[in-house]
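S.K.: coordinates for the following, if possible.
(one chain, ligands or ions: 2)
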Amino acid sequence: MNRPQRLVILGSTGSIGTGTLDVVARHPERFEVVGLSAFQRVDELAAQCRRFRPRVAVVPDEARARALRAALAGVPTEVRVGADALCEMAAAPEVDSVMAAIVGAAGLRPCMAAARAGKRLLLANKEALVVGGALFMQAVAEGGATLLPIDSEHSAIFQCLPEDRASWDQRIDHLVLTASGGPFRARDPATLHDVTPEQAVAHPNWVMGQKISVDSATMMNKALEVIEAHWLFGLAPERIRVVLHPQSIIHSMVVCRDGSVLAQLGTPDMRVPIAYGLSFPERIESGAPRLDFAALSALTFEAPDARRFPGLQLAWDALRAPAGSTAVLNAANEVAVAAFLERRIAFTAIHSVNAHTVETLAGRLGPVSDVDALLALDARARAEAERRIRELKP
Ligand code: NAD
Ligand code: MG
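M.R.: Ligands and ions are numbered 1, 2, ... in the order given. You can find the predicted model right below:
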């Protein structure tokens, strides 16, 4: 392409959103930011609009739109409101690429819109794929979209896989997702009941948004990533495995039929997978610090402890259960994590809310033949998780 790549960033004020703008700013000749969105931090969105001058910026309500318009006097950015505006921005004809960096199932509709419109879809928003599942992949195929994983594990696997997609099933034995184990990897499971939100979001290796940080502490993040890998790479659940690797240097691995193992390594900096998604199949400067092998003391591995991380197994269970089960698991977890961050439930109750909700809705999921049905199921699961939370004492 001779002209710059025209990019929309959904969730531009978050950790992935700002990382994306950091990479983009290093390559002004390659990228033109045409759309940005934020949910709460209007001041930060205004600063981004002044710097990158997108055509459109989307906020969730009129009050924030007024504040943003006032802050953008003299800047030629049209301020739009609401979820439909997000979808329209993601599917607009002049857009080449969409970075999906909203957190949670709220990102599903704009992701689907970008997929149906055939965009180059850079997917950080793993919950959208966990909820959307087969319908999401169908929209990608029918729309002719290019789906590029941004999650570091999936980017690692994508970088290790041969280009010929049709050969994956034959050449690959299984995938190994690495997991740091989060802040509580070595903590006595008997003491997990008392951990605070501050302790749970203090990740040892990565700086991330609050929700994914809590998910890393419970390892529900890895559970969501197992489901994500299943859809992205089309492998059966039993061909996706997880190993703890506390240094977060190996970002994931592909084990071939002949026993050969391919891995992707780097410092834990999301700008690497972001830059790869932005430039694929080329490579551009990401700004990430380089790996210093002489300074690396050791790369170690261990099996995840099911007593400490009971939620991990829910991934394989949900993938083997009827369609819609992964959407229920995701919805319960979003509600449970929010309740934990609001100090309404204990850390260990996140798993009990998730397991309870999945169990309660199993057998009465109903058909999930379109996105509306999936989102209705998502709403039912949220209501059940909330009901359970009200029953629990913090
Ligand atoms: P974050 O909380 O830092 O940012 C989330 C962004 O989404 C913000 O811009 C926020 O304004 C917007 N947003 C939040 N709720 C919204 C809603 N209901 N509607 C519209 N917009 C909304 O989160 P993050 O850490 O950047 O993560 C974003 C996504 O990327 C998540 O799905 C996460 O799992 C995934 N991811 C993040 C990392 C990381 O290092 N942060 C790594 C891998 C994958
Ligand atoms: Mg990840």
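S.K.: output the contacting helices and strands for the strand or helix carrying residue 36.
M.R.: Residue 36 is part of strand 31-37 when elements are defined by DSSP states H and E. Using 3 or more CB pairs under 8 Å, 6 or more residues apart in numbering; DSSP states H and E as the contact criterion, the secondary-structure elements in contact with strand 31-37 are strand 5-10, helix 15-25, helix 42-52, strand 56-59, helix 83-91. Bear in mind the C-beta positions are built from the backbone N, C-alpha and C, glycine included.
S.K.: strands paired with the fourth one, and their directions?
M.R.: For strand 56-59, the paired strands and their directions (DSSP bridges) read strand 31-37 (parallel), strand 78-81 (parallel).
S.K.: output the ones you listed in TSV, with mean neighbour count appended to each entry.
M.R.: Formatted as TSV, the strands paired with strand 56-59 follow (neighbours: other CB atoms under 10 Å):
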stretch	mean neighbour count
strand 31-37	24
strand 78-81	18
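S.K.: of those, which is nearest residue 174?
M.R.: strand 31-37 (35.9 Å; CB to CB).
S.K.: what mean pLDDT does the closest one get?
M.R.: Averaged across strand 31-37, pLDDT comes to 98.
S.K.: what's in contact with that strand?
M.R.: For strand 31-37, contacts defined as CB atoms under 8 Å, 6 or more residues apart in numbering pick out 3-12, 17, 21, 24, 45, 48-49, 52-59, 86, 89-90, 92, 94-95, 102, 278.
S.K.: which of these are buried?
M.R.: When neighbours are counted using 16 or more other CB atoms under 10 Å, the contacts of strand 31-37 contain these buried positions: 4-12, 17, 21, 24, 45, 48-49, 52, 54-59, 86, 89-90, 92, 95, 102, 278.
S.K.: the strands paired with strand 56-59: which one's closest to residue 130?
M.R.: With CB to CB as the measure, strand 31-37 is the member of those nearest residue 130 (20.8 Å).
S.K.: could you give the angle of that closest one to helix 42-52?
M.R.: Between the axes of strand 31-37 and helix 42-52, defined by axes from the mean of the first three to the mean of the last three CA atoms, to 10 degrees, the angle is 160 degrees.
S.K.: and strand 31-37 with strand 5-10, angle?
M.R.: Computed by the same axes, to 10 degrees, the angle between strand 31-37 and strand 5-10 is 20 degrees.
S.K.: and the angle from strand 31-37 to helix 83-91?
M.R.: Angle of strand 31-37 versus helix 83-91, following the same axes, to 10 degrees, is 170 degrees.
S.K.: can you give me how far strand 31-37 is from the chain middle?
M.R.: The gap between the average C-alpha position of strand 31-37 and the chain average comes to 20 Å, counting by CA atoms, centre = their mean, to the nearest Å.
S.K.: what's the answer for stretch 385-394, then?
M.R.: Using CA atoms, centre = their mean, the distance between the centre of stretch 385-394 and that of its chain works out at 26 Å.
S.K.: and that stretch, what's buried?
M.R.: By neighbour count, and taking 16+ other CB under 10 Å as the criterion, the buried residues in stretch 385-394 are 385, 386, 388, 389.
S.K.: that older thread, among the buried ones among the contacts of strand 31-37, which are in reach of ligand 1?
M.R.: The overlap between the buried ones among the contacts of strand 31-37 and the neighbours of ligand 1 (CB under 6 Å from any ligand atom) comes to 11, 12, 17, 102.
S.K.: need phi/psi at the residue in the stretch 151-300 of the chain positioned nearest to ligand 1.
M.R.: Per CB to the nearest ligand atom, the residue of the stretch 151-300 of the chain with the smallest distance to ligand 1 is residue 209, at 2.6 Å. Here the main-chain torsion angles of residue 209 (degrees, to the nearest 10) amount to phi -60, psi 160.
S.K.: out of the strands paired with strand 56-59, which comes closest to ligand 1?
M.R.: For the strands paired with strand 56-59, distance to ligand 1 was read as CB to the nearest ligand atom. The smallest value, 6.2 Å, belongs to strand 31-37.
S.K.: now the helices: where do they sit in the stretch 101-250 of the chain?
M.R.: Counting by DSSP state H, counting those that start in this stretch, the stretch 101-250 of the chain has these helices, from start to end: 108-116, 126-143, 152-160, 168-171, 197-201, 210-218, 220-233.
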